[in-house]
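A.B. asks: I'll drop the sequence and a predicted model, then ask my questions.
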Amino acid sequence: QDMHEAFDKRMEELVLRGTESLKQLNMVSDHKTNIQHIENSRPEDLSFLIAATEGFTLEEKQKFLEMTSTRERLEKSIGSLENIIERLRLSQEIKRIFGRKDDYIWHL
């Protein structure tokens, strides 16, 4: 159980940023997260959904789940998720530039 935290302007910003990050992840990833109801999610629920997202190592997921602050979990997991999204975008761009027929490059 997370400690109680006020839903202030900062928490609202984190919820919006987290929601947008999950939507972006679904656009660039092969692994789709069910985000149908995230618009109305409580911050705590959203923080756990982000923490459970594909792309994080087991160690990262464990650290997120051990946090007792929703705000901290959102801040850390969203930051990490944004890095994952950026890496996926760069990877897609590289594949687009070089083409899929050059997949052997990835094994060098």
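C.D. replies: Noted; the coordinates are in hand.

A.B. asks: And the pLDDT for Gly99?
C.D. replies: Looking at Gly99, its pLDDT stands at 75.

A.B. asks: residue contacts, it?
C.D. replies: Not one residue lies near Gly99 by CB atoms under 8 Å, 6 or more residues apart in numbering. Quick note: C-beta positions are derived from backbone N, CA and C, even for glycine.

A.B. asks: Give me the residue ranges of this structure where confidence is low.
C.D. replies: Within the chain, the ranges that satisfy pLDDT under 70 run 100-108.

A.B. asks: If you tally nearby residues, what's the number for Arg87?
C.D. replies: Residues within reach of Arg87, counting by other CB atoms under 10 Å, total 12.

A.B. asks: Quickly find the element holding it.
C.D. replies: helix 70-98 (DSSP states H and E).

A.B. asks: So which bits of that helix are buried?
C.D. replies: 70-71, 73-78, 80-82, 84-85, 88 (16 or more other CB atoms under 10 Å).

A.B. asks: Go through those and say which is closest to Ala6.
C.D. replies: Arg71 (9.4 Å; CB to CB).

A.B. asks: from the buried residues of helix 70-98, which is closest to Ile50?
C.D. replies: Ser77 (4.4 Å).

A.B. asks: I'd say that closest one and Leu49 touch.
C.D. replies: No. In this structure, Ser77 is not within contact of Leu49 by CB atoms under 8 Å, at 9.3 Å.

A.B. asks: show me what contacts the residue most central in space within the chain?
C.D. replies: The structure's the chain has its C-alpha centroid closest to Leu81; by CA atoms, centre = their mean the separation is 3.3 Å. Contacts for Leu81 were tallied using CB under 8 Å, 6+ apart; they are 18, 21-22, 25, 50, 53, 55-56.

A.B. asks: rerun at 10 Å
C.D. replies: Neighbouring residues of Leu81 by CB atoms under 10 Å, 6 or more residues apart in numbering: 17-18, 21-22, 24-25, 50-51, 53, 55-56.

A.B. asks: Sitting in strands, which of the residues you listed do you find?
C.D. replies: Of the positions in the contacts of Leu81, not one sits in strands, assigned by DSSP state E.

A.B. asks: Understood, closing this out.
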